[in-house]
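Q: I would like to see how this sequence folds:
(chains A and B)
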Number of protein chains: 2
Amino acid sequence: MSKKEITIYDLAEKLGLSAATVSRALKDHPAINSETKKKVFALAKKMGYRTNKFASNLRKQKTNTIGVIVPRLNSPFMSSVLSGIEKTANNKGYNIIISQSLESEAKERSNVFTHFNNRVDALIVSLSYETDNMDHFQSFINKEIPLVFFDRVPESINATKVVIDNFRAGYEATLHLIEQGYKDIVHITGNIKRNVYKDRFEGYKRALTDHNILYREDNFICNDLSEDAIYNCIHNQILTRKKLPDALFITNDTSAAFALSILKENGIKIPSKMAIIGFNNDLISKVTEPNITTINYPGYQMGETVARIAIEKIDNKSEKDVTSTVILNAELVVRGSTVKR
Amino acid sequence: MSKKEITIYDLAEKLGLSAATVSRALKDHPAINSETKKKVFALAKKMGYRTNKFASNLRKQKTNTIGVIVPRLNSPFMSSVLSGIEKTANNKGYNIIISQSLESEAKERSNVFTHFNNRVDALIVSLSYETDNMDHFQSFINKEIPLVFFDRVPESINATKVVIDNFRAGYEATLHLIEQGYKDIVHITGNIKRNVYKDRFEGYKRALTDHNILYREDNFICNDLSEDAIYNCIHNQILTRKKLPDALFITNDTSAAFALSILKENGIKIPSKMAIIGFNNDLISKVTEPNITTINYPGYQMGETVARIAIEKIDNKSEKDVTSTVILNAELVVRGSTVKR
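A: Numbering: from 1, shown residues only, chains lettered A, B, ... in the order given. Presented below is the predicted three-dimensional model:
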């Protein structure tokens, strides 16, 4: 088989048509009759003709790609979001180019630069743990290339953001524990530089205050939520206490499930001795014993929403970009890990 | 801020240099001194200059992108593989374009066509459940564009494949159950059109035969491994039996964990009444009670390996492509769900 690139001239010669006719047929031009178009398409497919996307994109200044930067690809929540983004983008004829910041500001900066050089038509981002300086997004803002943030979003940038109400979710999770009679509630979460963790933490504190429970600093634990971090935190910051806390509010279900299994191994009965509440409503929260009470966070719908918004922005580039925040619903799902029988 | 595209002429004018000098500086040409290069790079960055990748790629016929087609983005195994692919590709200066077939042959065909038209430098694929006809890969083969399959690979195509020894893994899982005294072993798995499920099934059957246990067709259950399918299977094909089987070998940990929680809800003690063995060694296998015995399947390393191979193939396009199969190690991890105390 030949590796030579098939051109419209090859198609024209085989079909006994002019190159101009073939070119117009491939573009579905109304002046060409449908029989001819059918013949041209059939041969193009058979011979492996590819539209010269580079040249065509050079004219249109459009690449039909959307860049996506996520902290990590291998998290249940992120893979649900990506699944929703890909499905929606693909249905609209866009490809997605995915990169991960691996929670590093430097890698995120380099990812943004790469997407910029690749001339993506839009960029979708969830921030890394450590990102402080947002200057690397300025190139997109200056060029008015659509920029949409989701989940972990910056406060300092005027761009469209898709989030849940993390303050309210944190409040409701804590309130539920208080209503069940728990008072000494530890909150284990990620870097509170990020809105998601900061807002949940604020919701937790407010719920305590509203119910006359003193917030204690030693009940607030921040780490990177890795398996190692959870292991060490439970062993060295929870089990070593003279008086054990009576509840843990942990900011994702994977960490909550892992914490639950460590506590059980150490003879702590859940929920009679200690309650646990997670976040996200991942499948893992439904297979532990007891099942874990959690906040249902609709990752797949969030993915669909951010992709839809990004594409709308691409299509309406001339219109004035209105900064907006879209808040998706998240609700408490009560299970056995917080309710004494 | 202006939306006008910055050109080398703008840079040249600001710096008082010729456009040719700027162009050579940006290409790190040895004839230009490093001071000048530094100035040019600094201004290019400041003004938001982008290399004209389209034109440059048009010359090189290279896009620096690798296409990836997976059945579903939101599976723990696939997200580990993708994480490994992205990390490796990114380190070598490649972007990845990801699409999902959603287990449909038609969608997979359309994905392949899109990647072909996008002129990816290589394509990495794990097949959908239902793909029968492999003709859609012919365009890549004809053009000698590197094509690498992983996990779910075709038998009929001569391309590089990265897999584990699924026959051996299926054999070892079953052998372990037999050695623990279990005899009536049900195997719950996916579509055996796919090598991964077929080979595990063959390993299961061989282990039974080697130990004089009769293989029974009603102990072999195929479904799409969704939450609904597992729920229905456990309720209608396991719990309804007059004599319950004494062990289940389930082809992924998510399904195994979910099955375990349903069985426990129905009063079945694990492993004294029924043993369960999973596959993959996902975190979920470590948070159930008891923890689930499984086969450790190194997804992240598989991702690194396929990306490395794809890039080697891109770099050595002139060399004759040698078809090869790379087999990664997978080993049994014994936990409480199969070992009676």
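Q: For stretch A:291-302, output the C-alpha coordinates as PDB.
A: Provided in PDB are the C-alpha atoms of stretch A:291-302 (Å, rounded to 0.1, in the frame of the first residue of the first chain):
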ATOM      1  CA  ASN A 291     -22.100   2.600  53.800                       C
ATOM      2  CA  ILE A 292     -20.800   6.100  54.000                       C
ATOM      3  CA  THR A 293     -23.000   9.200  54.300                       C
ATOM      4  CA  THR A 294     -21.900  11.700  51.700                       C
ATOM      5  CA  ILE A 295     -22.700  14.800  49.500                       C
ATOM      6  CA  ASN A 296     -23.800  13.900  46.000                       C
ATOM      7  CA  TYR A 297     -21.600  15.900  43.700                       C
ATOM      8  CA  PRO A 298     -22.800  15.500  40.000                       C
ATOM      9  CA  GLY A 299     -19.400  15.200  38.200                       C
ATOM     10  CA  TYR A 300     -20.700  13.900  34.900                       C
ATOM     11  CA  GLN A 301     -23.300  16.800  34.700                       C
ATOM     12  CA  MET A 302     -20.600  19.200  35.600                       C
END
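Q: Could you check it and say which residues are buried?
A: Using 16 or more other Cβ atoms under 10 Å in any protein chain shown as the burial criterion, the residues of stretch A:291-302 that qualify are A:291-300, A:302. Using the backbone N, CA and C atoms, a C-beta is placed for each residue, glycine as well.
Q: Looking at those, which are in helices?
A: Taking DSSP state H, the ones among the buried residues of stretch A:291-302 that sit in helices are A:299-300, A:302.
Q: Against chain B, which of the residues you listed make the cut? List them.
A: A:Y300 (Cβ under 8 Å from any Cβ of the partner chain).
Q: Would you mind giving the ones in helices among the buried residues of stretch A:291-302 as CSV with distance to A:N223 added?
A: Supplementary listing: those in CSV, determined by distance: Cβ to Cβ, whole Å:
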residue, distance to A:N223
A:G299, 22
A:Y300, 27
A:M302, 25
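Q: Strands of the stretch 151-300 of chain A, start to end?
A: Residue ranges of the strands in the stretch 151-300 of chain A, as given by DSSP state E, counting those that start in this stretch, are A:160-164, A:185-189, A:220-222, A:247-250, A:275-277, A:294-296.
Q: mind checking how far the last one is from the chain centre?
A: Centroid separation for strand A:294-296 versus its chain: 16 Å, with Cα atoms, centre = their mean, to the nearest Å.
Q: what sits up against that strand?
A: Taking Cβ atoms under 8 Å, 6 or more residues apart in numbering or on different chains as the criterion, the residues outside strand A:294-296 that touch it are A:169, A:172-173, A:253, A:256, A:277-282, A:285, A:330-333, A:335.
Q: Check those for burial and list the buried ones.
A: With neighbours counted by 16+ other Cβ under 10 Å, the contacts of strand A:294-296 contain buried members at A:169, A:172-173, A:253, A:256, A:277-282, A:285, A:330, A:332-333, A:335.
Q: For the residues you listed, work out which two are farthest apart.
A: A:E172 and A:D282 (18.1 Å; Cβ to Cβ).
Q: As TSV, the strands of the stretch 151-300 of chain A with distance to A:Y129 and mean pLDDT would be great.
A: Shown next, in TSV, are these (distance: least, Cβ to Cβ, whole Å; pLDDT from 0 to 100):
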stretch	distance to A:Y129	mean pLDDT
strand A:160-164	17	94
strand A:185-189	11	98
strand A:220-222	10	97
strand A:247-250	17	98
strand A:275-277	22	98
strand A:294-296	20	98
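Q: Point out where the stretch 151-300 of chain A drops to low pLDDT.
A: For the stretch 151-300 of chain A, not a single residue meets the criterion pLDDT under 70.
Q: ok, which stretches of chain A are helices?
A: Assigned by DSSP H, the helices in chain A fall at A:8-15, A:19-26, A:34-47, A:53-60, A:76-91, A:105-117, A:138-142, A:166-179, A:195-210, A:227-233, A:253-265, A:299-315.
Q: just checking, what packs against the second one?
A: Here helix A:19-26 is seen to pack against helix A:8-15, helix A:34-47 when contacts are counted using 3 or more Cβ pairs under 8 Å, 6 or more residues apart in numbering or on different chains; DSSP states H and E.
Q: In contact with the closest residue in space to A:R335 that isn't next to it in sequence, which residues are there?
A: Nearest non-adjacent residue to A:R335, counting by Cβ to Cβ, 6 or more residues apart in numbering or on different chains: A:N291, 3.9 Å away. By Cβ under 8 Å, 6+ apart, the contact list for A:N291 reads A:285, A:335-337, B:261.
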